[in-house]
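In: Please find the sequence and the predicted model below.
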Amino acid sequence: MNEATDRPASASQPEAPARNGNGSAPYGSNGHSGNGAAVSGAAPIFRKAMNFTRHRELMDQGIYPYFRCIDSPQDTVVTIDGKKMLMLGSNSYMGLTNDPRVKEAAQEALLKYGTGCAGSRFLNGTLDIHIELEREIAEFMGTESALAFTTGFQANLGVISALVGKDDLVFIDRGDHASIVDGCRLGFGRILKFRHDDMEQLERLLKANAATPGKLIVVDGVYSMEGDIADLPKIVELARRYEAGIIVDDAHGVGVLGPHGNGTAAHFGMTDEVDLVVGTFSKSLASIGGFVVGRTEIIDYLKHHARALIFSASIAPPCVAAARKAMEIIRAEPERIEALWRNTRFMQNGLTSLGFDVGESQTPIIPVLIGDMIQCFKFWRALHDGGIFVNPVVPPATAPNQTLIRVSVMATHTEDQLAGALEAMEKIGRELGVI
């Protein structure tokens, strides 16, 4: 399968930096895998690792931002090295990861079922609560059936690789998440990439390959770095015209978009027009795990062909219970979604009025464009020292000189918290010449 460029979610100090789907570091690498002298005591295959020092250089400058150790629950305020920090870098959009009801449900499942399932869903790892979770997520998303995976990443790996065969084509947005890219690589078809949200290029690619029967379009519903929403109406139109299937990865859409937090397709009133929706329990649903929803026949096929499901241990019982309780709370408390969007508008309007460029963000993911990579790390460091947790995003997750600070808001943030963050960002932005 041809390789494709991915856009990974940013990692949050350190022994080794996060990697994107191509195996490169998230801020460039000086690792070398050529024919130079072998490092003493290391086989040649490890030369690139032994020669990799970029992360140490950034640590020496005090601007290495990844693998920060949090010693408190994920909430609007977290603790790092004994210091309280305002969390503006979490994907817990509903603010439920520390909700007492969710924790109690997880604790009850732990006491009843134990710490794990000791096997895959295919064999001994299916519990009654897995079946209930699947029934509830299918109902929540407005589809016939669902299948739960151990992680959202594995859901994309399993679903895409099971569907795309050697004679098939898969069309992906260059902004798609790394898990989509890797799912495509695990299949045997051909990958065709189109520029981010460029529907004209997508149509040209579909038209040029109209004679190929097996065609699949895979997009993010909400893009994790840009915060924009896929042009699903146009994608559906093109898919139907050229007889392609559609998968939407709605990791950042569930709990955020749609009349009841049921995602991008519901947001556009097109639930019945999308073949499969892949999602995660690790963001709005306050747990860990992944899922796919769609027609029963497709889900049944995936149950018996998705290697990431068949050969992985199933979701631990406390995680299942936490996701179910979070879903229940979202359905019972629509005011949470209203609060999330109120906070989103407050932060977007505040940043824009200060002169920051927030790109095309339409969601609680708000990219603050910085430009130069070192400038981005300096901006992050100043915010960190000021008690604000954000995530810097740099190449290859962005184009060169288009680095950004990824800000994400939660339903449980207060206006005073967000106003304080805006004040700090204005001061730093002016000092560094960003605004």
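Out: Cool, the structure landed. Numbers count the residues shown, from 1 in each chain.
In: Quick check: residue 249 touching residue 176?
Out: Yes. Counting by Cβ atoms under 8 Å, residue 249 sits close enough to residue 176 to count as a contact (7.2 Å). Using the backbone N, CA and C atoms, a C-beta is placed for each residue, glycine as well.
In: Find the residues that touch each one of those two.
Out: Common contacts of residue 249 and residue 176, defined by Cβ atoms under 8 Å, 6 or more residues apart in numbering, comprise 218-220.
In: quick revisit: neighbour count for residue 249 and residue 176, which is higher?
Out: Ranked by neighbour count (other Cβ atoms under 10 Å), residue 249 and residue 176 place residue 249 first, with 32 against 26.
In: got the phi/psi numbers for that one?
Out: Backbone torsions of residue 249, given as degrees, to the nearest 10, read phi -80, psi 110.
In: separation between it and residue 347?
Out: Distance of residue 249 to residue 347, computed by Cβ to Cβ, to the nearest Å: 24 Å.
In: where does the chain dip in pLDDT?
Out: 1-40 (pLDDT under 70).
In: Show me it divided up by domain.
Out: Domain assignment for the chain by automatic domain parsing gives 51-87+336-431, 100-332.
In: What is the end-to-end distance of the longest one?
Out: By that I understand domain 100-332. Taking Cα to Cα, to the nearest Å, domain 100-332 runs 16 Å from one end to the other.
In: Neighbour count for the shared contacts of residue 249 and residue 176 - can I get that in a markdown table?
Out: Below are the shared contacts of residue 249 and residue 176 laid out as a markdown table (neighbours: other Cβ atoms under 10 Å):
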| residue | neighbour count |
| --- | --- |
| 218 | 27 |
| 219 | 26 |
| 220 | 27 |
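In: can I get those in JSON lines with distance to residue 118 and secondary structure?
Out: Listed next are the shared contacts of residue 249 and residue 176 as JSON lines, based on distance: Cβ to Cβ, whole Å; DSSP: H, G, I helix; E, B strand; the rest coil:
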{"residue": "218", "distance to residue 118": "33", "secondary structure": "strand"}
{"residue": "219", "distance to residue 118": "36", "secondary structure": "strand"}
{"residue": "220", "distance to residue 118": "34", "secondary structure": "strand"}
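In: distance of the closest residue in space to residue 222 that isn't next to it in sequence from residue 362?
Out: Once flanking residues are discounted, residue 222 sits nearest to residue 252: 3.9 Å by Cβ to Cβ, 6 or more residues apart in numbering. As judged by Cβ to Cβ, residue 252 and residue 362 stand 11 Å apart.
In: between these two, which one's more packed in?
Out: The neighbour comparison of residue 252 against residue 362 (other Cβ under 10 Å) goes to residue 252, with 30 against 16.
In: Show me where the stretch 201-350 of the chain has its strands.
Out: In the stretch 201-350 of the chain, the strands defined using DSSP state E, counting those that start in this stretch lie at 215-220, 245-249, 276-280, 290-294.
In: Just send those strands back as TSV, with distance to residue 74 too.
Out: TSV is the format used below for the strands of the stretch 201-350 of the chain (distance: least, Cβ to Cβ, whole Å):
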stretch	distance to residue 74
strand 215-220	22
strand 245-249	22
strand 276-280	15
strand 290-294	18
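In: Could I get the phi/psi values of residue 84?
Out: Torsion angles, degrees, to the nearest 10, at residue 84: phi -80, psi 140.
In: How much space separates residue 204 from residue 195?
Out: Applying Cβ to Cβ, the value for residue 204 to residue 195 is 11 Å.
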